[in-house]
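Undergrad: show me the folded form of this:
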Amino acid sequence: QVLLVESGGGLVQPGGSLRLSCAASGSIFSRFAMGWYRQISGEQRELVAAITTDNITNYADPVKGRFTISRDNFRSTLYLQMNNLKPEDTAVYYCNAVRYSSGNFYRADFGSWGQGTRVTVAS
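TA: Residues are numbered from 1 along each chain as shown. Sure, this is the predicted structure:
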């Protein structure tokens, strides 16, 4: 079982930045494509950024150009740099596995989710 611990969320003003981290337990992190998901209150969890094991990345249109996903396989840690934050980015952010096939990313998971980290963008 992979344990995922997200951190780095908080309250930030519009236009501000945050860097999220996701620490994964176990030694399998480096073998999986990973992604950041977010869940806005009352809505389904959506995949917003993803990265393969060899650092191919992809972003959902609402965050493209503002968010950057990266990974440190040595530390089994996933990151999400979020710049120029907007109120509509307010959500709980989670990390988990993704599936990468034929150039496309798909939702996946390790069978469980972490507690997430809350991001609130407000003035």
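
Undergrad: check contacts around the residue nearest the centre of the chain.
TA: When C-alpha atoms, centre = their mean is applied to the chain, the residue found nearest the centroid is residue 36 (1.9 Å). Residues near residue 36 by C-beta atoms under 8 Å, 6 or more residues apart in numbering: 20, 22, 47-50, 67, 69, 78, 80, 93-95. To be clear about C-beta, it is placed using only N, CA and C from the backbone, and glycine gets the same treatment.

Undergrad: out of those residues, which are buried?
TA: Taking 16 or more other C-beta atoms under 10 Å as the criterion, what is buried in these is 20, 22, 47-50, 67, 69, 78, 80, 93-95.

Undergrad: which among those residues gets closest to residue 106?
TA: Here the nearest of those to residue 106, counting by C-beta to C-beta, is residue 47; it sits at 8.1 Å.

Undergrad: so residue 15 sits against residue 82, correct?
TA: No. Counting by C-beta atoms under 8 Å, residue 15 stays clear of residue 82, with 11.3 Å between them.

Undergrad: and those two? which has more neighbours close in?
TA: A side-by-side neighbour count of residue 15 and residue 82, using other C-beta atoms under 10 Å, places residue 82 first with 26 against 11.
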